[in-house]
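[1] next come a sequence and a model predicted from it.
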Amino acid sequence: MFHRKALDMPVNFNTVYDASDVQDGKLNLVSCFDEEVKVEFGKPTQDSGRAAYIALERAVDDYKKGLFDVLVTGPVCKAAMSEVDSSFVGHTEFLNQRLGKPDDDILMILMNSKMRVALVTTHTPIRNVADSITEESVERKLRILYKSLRRDFLLSSPRIAVLSLNPHAGDNGLIGNEENTAIKPAIEKLAGEGIPCFGPYPADGFFGDADYKHFDAVLAMYHDQGLAPFKTLSPDGVNFTAGLAKVRTSPDHGTAYDIAGQDKADAQSMRSAIYAAIDIVEHRRAWTEWSRNPLQRAEREKGGRDISVKDLPQTERED
């Protein structure tokens, strides 16, 4: 509301105090606090950080109640929000904590028209990245990515490229051994199960030679390894949190305080995040219908008993 007044925007909001009261066909605004928060363009404050944090908490509460289908978050100042909650380092980690998911059960995927890039580690300091790269962590991220590519993007047999951690993929252990002890074993295990994953590829040559064009997704080991080339190739990407029961997306950029209130910001990434969330919801609905056990339908049509998934051999169960 403060921004609407400051920018003199002729936008009519339907203000409600509970998400269950929103109305179809209107631009609804759920008010999360009674007082009007004063925001100075381009300057993060304790008040703005507190307001953003409260709004996010309310959104997560309503999310858990099933009051909406998707959550699209905007850019936030992590420093300002960390003054409210010192453990806050980003939306992905916050959602993981608040929705009761164990570590590694969700996955950050950045996507645009050119590629999809997922991360084994997200906002981890570089000095701690190597310790976080284990066979288990790489395997778990690969499984989440593969399942998401099928369910959320409707790819029947997606191909996944896995990047190395060290330069030159470790050069046979001369400059690092994580490829041999963690990354390769995870790839080999999943490939043996029929999951099309390949690598590990040295990141510089992989992106320099445009090898990403031959894959449906790329699994990077750490934040900047995947996001630097991703954002260089396309500035209008979307951040998608895979592994959640509901859909959450966001633009892939920050707050851009240096141009706030100057009518210079490009809103395309935010629009793309909204459109992507709608597409993924529709894909999940289609996947649910397509993957429904055909034996159940056949039995119902004949008037027989339903066959549950637990009645099927392990190899025939849908993951």
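    Thanks, I have it. Residues are numbered from 1 along each chain as shown.
[2] wasn't Leu110 part of a strand?
    Yes: under DSSP: H, G, I helix; E, B strand; the rest coil, Leu110 sits within a strand.
[3] so it sits against His253, correct?
    No: in this structure, Leu110 is not within contact of His253 by CB atoms under 8 Å, at 10.9 Å. Every C-beta, even on glycine, is put in place using the N, C-alpha and C of the backbone.
[4] which of those two has more neighbours?
    Leu110 (22 against 16; other CB atoms under 10 Å).
[5] setting aside sequence neighbours, what's the nearest residue to the more buried one?
    With sequence-adjacent residues excluded and distances taken as CB to CB, 6 or more residues apart in numbering, Leu110 is closest to Val117, at 4.8 Å.
[6] give me the three-state assignment for the one you found.
    Strictly by three-state DSSP, Val117 counts as strand.
[7] got a pLDDT number for it?
    Among the per-residue scores, Val117 shows a pLDDT of 97.
[8] quick check, it in contact with Leu145.
    No: the criterion here is CB under 8 Å, and Val117 misses it with Leu145 at 10.1 Å.
[9] between the two, what contacts are shared?
    109, 217, 219 (CB atoms under 8 Å, 6 or more residues apart in numbering).
[10] what residues are up against the first one?
    So the one you mean is Ile109. Taking CB under 8 Å, 6+ apart, we find Ile109 in contact with 116-118, 145, 148, 217, 239-242.
[11] ok, now the last one?
    Under the criterion of CB under 8 Å, 6+ apart, the contact list for Leu219 reads 117-120, 138, 141-142, 145, 160-163, 197.
[12] alpha carbons only: can I get the strand or helix carrying it in CSV?
    If you go by DSSP states H and E, Leu219 is part of strand 217-220. Coordinates of the C-alpha atoms in strand 217-220 are reproduced here as CSV (Å, rounded to 0.1, in the frame of the first residue of the first chain):
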residue,chain,number,x,y,z
ALA,A,217,19.3,-30.2,-16.6
VAL,A,218,22.7,-29.7,-15.0
LEU,A,219,23.6,-30.5,-11.4
ALA,A,220,26.2,-28.1,-10.2
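[13] which helix or strand lies directly C-terminal to that strand?
    Next along the chain after strand 217-220, taking DSSP H and E as the criterion, comes helix 223-233.
[14] just to revisit the earlier point, what is the nearest of the contacts of Leu219 to Ala203?
    Nearest to Ala203, judged by CB to CB, of these is Leu163 at 4.9 Å.
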